[in-house]
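In: Need a 3D model of the sequence below.
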Amino acid sequence: MIVDKSKPVKREHFSSRLGFILISAGCAIGLGNVWKFPYEVGQYGGAAFLVLYLICVAILGIPLMALEFSIGRASQASNALAYDKLEKPGTKWHLFKWVSVAGQYILMSFYTCVCGWMLNYIVKSGTGIFDGASSEAISQTYQTMVGNPYEVIFWMIAAVVIGMIICGFGVQKGIEKITKVMMVLLLVIMVGLAIFAICLPGAGAGLEFYLMPKFETIFSSPDVFCAALYQALSLAFFTLSVGMGSMVIFGSYIGHDHTLFGEALTISIMDVGVAIVCGLIIFPACFAYGINPGSGPSLVFETLPNVFANMPFGMLFGTAFFIFLSFAAMSTIIAVFENIVAFWMDLKGWSRGKSVAINLFVVIAVSIPACLGFSVWSGIDFPLNNMNTIMDLEDFIISNNILPLGAIFICTFCTAKKAWGWKKCLSEINAGKGPKMSEKLLNWVMFFIPILILFIFITGWFVAIK
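Out: Predicted coordinates:
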């Protein structure tokens, strides 16, 4: 059954503005904030990189989020039908729907795997496995976990099942109800952990590294600055979940009481706030115990457990930390699952139950390669640089290709006269109470944002093939 795009699609809506804000923030808040952000700040100079990242969020992330929300609210549809409804007759802008949904499946193909690791580490930390353990034993715990395909697949399936069950209950009774509780608990745990970490002896050096910019670290040479700018721009996309239309669905679930620019601003502040507070947990703790904060992707799973192993109340702190990480990851998984589930409900007219049941198995299937990439399929040789696993390849496809190119598409769709058009888009963004987006930003959205995005795309490929 194919749904007639000319007919209005009956939609469930959020019960409150708070639900919309927390769920949209939950989509944005995820691995980018609590996994990528800390180790990239550590690798690229601390506070100086943080300032660069905040600038990228302001000039790219917030406008793009407002554009995505506007597409959803104006069309009252998911990516499956949104572009069909808004495009000029006879045009083909709606074909982007397939890029969007493919990107969401690819994102989940490795995201669910990492979320499974975090769920697993709640159990490991809670049972005291890291208490007093040597750094070699902690590293071996991680290596043994990722090298065991059965263990990794089990926890990946657990993450998928939890997310799909919540989506199965619907927007208000499932996604909104659970995400509200999850996000509140996430914020409470996060603040408690940050206060504890800041009070550790020797934490001052970590705070100085994280909050006192030394711009010579990123301006030491043109190459260093370009590398830092590239990472900051990429991180802004990844942490805010903008570029492939993930926020469109949430725009379709809200009314016209408040401006979308104001909502995008609020959600971006929450997203950045979580990332910043996560740094207040990690950097003071790392410096207090002489741990290198720039140790890369292994920071959370191999480096930080060394801190928990030696600090007072380490088992409690470590368990709470991995609960915090799991909540952040699960909030994004639930949000992206809703994108996927709603896509097929809109496109094919499936019931929510049918879409959830089918996609439960589809997502598990597409997630298995990343799970096996550290064990059974670890010997695969990739032709691109800095790609050692299937997960690295999937991350590259999303972060360096679909997100930036998708963002260029969205900018063009919302500004080009032969697409939806700037006047209609801006009218939708500014409908309601709150801060308005200036019409003078047309050239910024139409030309300058795409130019910056092309920088991400070209630089990513240059690094990959150099």
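In: how close does residue 131 get to residue 306?
Out: 12 Å (C-beta to C-beta, to the nearest Å). All C-beta atoms are positioned from the backbone trio N, CA, C, and that covers glycine.
In: Look at those two and report which has more neighbours.
Out: Using other C-beta atoms under 10 Å as the criterion, residue 131 and residue 306 rank with residue 306 on top: 22 against 13.
In: Test my guess that the more buried one contacts residue 137.
Out: No: judged on C-beta atoms under 8 Å, residue 306 makes no contact with residue 137 at a distance of 9.9 Å.
In: who's in contact with the strand or helix carrying residue 424?
Out: Here residue 424 sits within helix 422-429, counting by DSSP states H and E. Contact partners of helix 422-429, identified using C-beta atoms under 8 Å, 6 or more residues apart in numbering, comprise 66-67, 69-71, 73-74, 86, 259-261, 414-415, 436-437, 439, 442, 445-446.
In: which parts of that helix are buried?
Out: For helix 422-429, a neighbour-count test (16 or more other C-beta atoms under 10 Å) marks 422, 425, 426, 428, 429 as buried.
In: Now the element after that helix, going C-ward?
Out: Once the chain leaves helix 422-429, the next helix or strand it forms, by DSSP H and E, is helix 442-443.
In: chain center to that next one: distance?
Out: Centroid separation for helix 442-443 versus its chain: 27 Å, with C-alpha atoms, centre = their mean, to the nearest Å.
In: Give the next helix or strand downstream of that helix.
Out: According to DSSP H and E, the helix or strand after helix 442-443 is helix 449-465.
In: Tell me the gap between that next one and the middle of its chain.
Out: With C-alpha atoms, centre = their mean, you get 19 Å for helix 449-465.
In: tell me which element residue 22 falls in.
Out: In this assignment (DSSP H and E), residue 22 forms part of helix 17-28.
In: longest helix of the protein?
Out: Ranked by residue count and defined by DSSP state H, the top helix of the chain is helix 314-348.
In: Mind listing what's buried along it?
Out: 314-315, 317-347.
In: what's the neighbour count on residue 433?
Out: Residues lying near residue 433 (other C-beta under 10 Å) number 10.
In: ok, residue 60 touching residue 236?
Out: Yes: judged on C-beta under 8 Å, residue 60 makes contact with residue 236 at a distance of 5.6 Å.
In: quick one, what contacts residue 32?
Out: 235, 238, 239, 240, 241, 275.
In: between the residues you listed, which has the most around it?
Out: When neighbours are counted by other C-beta under 10 Å, residue 240 leads the contacts of residue 32 with 31 neighbours.
In: after the lowest-mean-pLDDT helix or strand in the chain comes which helix or strand?
Out: Across the helices and strands of the chain, mean pLDDT, DSSP states H and E gives its lowest value to helix 31, namely a mean of 69. Downstream of helix 31, the first helix or strand assigned by DSSP H and E is helix 37-43.
In: After that following helix, which helix or strand is next? Please name it.
Out: Counting by DSSP H and E, what follows helix 37-43 is helix 47-56.
In: related to what we said a few turns ago, buried among the contacts of helix 422-429? Make that a ChimeraX selection.
Out: Listed next is the ChimeraX selection for buried residues among the contacts of helix 422-429, using 16+ other C-beta under 10 Å:
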select :66,67,69,70,71,73,74,86,259,260,261,414,415,437,445
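In: returning to that earlier point: for residue 60 and residue 236, indicate the residue with more neighbours.
Out: The residue with more neighbours, out of residue 60 and residue 236, is residue 236; 30 against 25, by other C-beta under 10 Å.
In: Surely that one and residue 49 touch.
Out: No: counting by C-beta under 8 Å, residue 236 does not reach residue 49; the two are 11.8 Å apart.
In: burial count for residue 351?
Out: For residue 351, the count of nearby residues is 9 (other C-beta under 10 Å).
In: quick one: average confidence on whatever helix or strand residue 151 lives in?
Out: Assigned by DSSP H and E, residue 151 falls within helix 149-168. What helix 149-168 shows for mean pLDDT is 95.
In: For the remainder of this discussion, apply numbering that starts at 343.
Out: That works, and once the first residue is 343, the last one we named lands at helix 491-510.
In: send the alpha carbons of that helix over as CSV?
Out: The C-alpha coordinates for helix 491-510 follow below in CSV (Å, rounded to 0.1, in the frame of the first residue of the first chain):
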residue,chain,number,x,y,z
PRO,A,491,31.1,-11.6,18.9
TYR,A,492,28.4,-13.3,21.1
GLU,A,493,28.8,-10.9,23.9
VAL,A,494,28.8,-7.8,21.6
ILE,A,495,25.8,-9.0,19.6
PHE,A,496,23.8,-9.8,22.8
TRP,A,497,24.2,-6.3,24.1
MET,A,498,23.5,-4.8,20.7
ILE,A,499,20.2,-6.7,20.5
ALA,A,500,19.4,-5.5,24.0
ALA,A,501,19.8,-1.9,22.9
VAL,A,502,17.7,-2.4,19.8
VAL,A,503,14.9,-4.3,21.7
ILE,A,504,14.7,-1.6,24.4
GLY,A,505,14.5,1.2,21.8
MET,A,506,11.9,-0.5,19.6
ILE,A,507,9.7,-1.4,22.6
ILE,A,508,9.6,2.2,23.6
CYS,A,509,8.7,3.3,20.1
GLY,A,510,6.0,0.7,19.9
